[in-house]
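Engineer: return a 3D structure for these sequence lines:
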Amino acid sequence: MEQHIDYLIEHFGYFGIIIMLIGGIIGLPIPDEVLLTYVGYNVYHGKLSYIISLISAVVGSAAGISISYYIGYRFGLPLLKKYGPKIYITEEKVNKTHKLFEKIGPPLILFGYFIPGIRHLTAYVATLNKFPFRKFVVYAYIGAILWSYTFITLGRELGKRWDVVGLYVSKYSMYLVLLVIIIAILVYLYWRKKQN
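Structural biologist: Numbers count the residues shown, from 1 in each chain. As a prediction, this is how the structure comes out:
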């Protein structure tokens, strides 16, 4: 994976980050968190600019999730059922995400980036729920900023211990993400209660 990222950075620069994240968000089997932390690692070593890397990551993530929304809007569930399994998007995953969206709503778009397997489906599920694009982009683009910032900064700050970071991202990120989501849901429910 690192060799592929190095090749992309060397030959395509920041544009390579954008392209990989678009593919990853749409649903291609790209380990996005590892990509972002490795970009942060390259920032630590001075090979990439922190700000431009963040901008590239946000652009790639936002473009990917916008394309996913369009595909869901234009072609709907039949396309996912037909071609989804080829890129590991099963009907079972779609149904689970759909149920999550009905329970949680828009915060799933925001924090779905942090959950592998869910971030690839939140845009499709939002269209199935007829969630308006204008509202969708607010949650989706803020989520793209938070997600990109989190993992690029993690890679940059822990650059000396990249082997530990890679292990942490692959092994423990799910627990951290679940904790963040639970906190976010509690905050959201409290805010809704205050509004009512």
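
Engineer: stretch 20-38: how far from the chain's middle?
Structural biologist: Centre-to-centre, stretch 20-38 and its host chain are 8 Å apart (Cα atoms, centre = their mean, to the nearest Å).

Engineer: so for that stretch, what's the average pLDDT?
Structural biologist: For stretch 20-38, mean pLDDT rounds to 84.

Engineer: same check on stretch 82-97?
Structural biologist: pLDDT averaged over stretch 82-97 gives 70.

Engineer: equivalent analysis for stretch 141-159, please.
Structural biologist: Per-residue scores along stretch 141-159 average to 90.

Engineer: which residues touch the spatially most central residue of the chain?
Structural biologist: Centroid-nearest residue in the chain, with Cα atoms, centre = their mean: Tyr113, separated by 3.2 Å. By Cβ atoms under 8 Å, 6 or more residues apart in numbering, the residues touching Tyr113 are Ser61, Arg119, Gly143, Ala144, Leu146, Trp147. Every C-beta, even on glycine, is put in place using the N, C-alpha and C of the backbone.

Engineer: and the two most separated of these?
Structural biologist: Pairwise distances across the contacts of Tyr113 peak at 11.9 Å for Arg119 and Leu146 (criterion: Cβ to Cβ).

Engineer: if we can go back for a sec, the contacts of Tyr113 in helices, which ones?
Structural biologist: Using DSSP state H, the subset of the contacts of Tyr113 located in helices is Ser61, Gly143, Ala144, Leu146, Trp147.

Engineer: what helix or strand is the residue nearest to the second one when sequence neighbours are not counted on?
Structural biologist: To tie it back to what came earlier, the one meant is Gly143. Nearest non-adjacent residue to Gly143, counting by Cβ to Cβ, 6 or more residues apart in numbering: Leu110, 4.3 Å away. Element membership for Leu110 (DSSP states H and E) is helix 107-111.

Engineer: which elements pack onto the next helix or strand after that helix?
Structural biologist: Beyond helix 107-111 on the C-terminal side, the first helix or strand identified by DSSP H and E is helix 122-128. Contacts defined by 3 or more Cβ pairs under 8 Å, 6 or more residues apart in numbering; DSSP states H and E place helix 122-128 against helix 50-83, helix 91-104, helix 107-111, helix 133-157.
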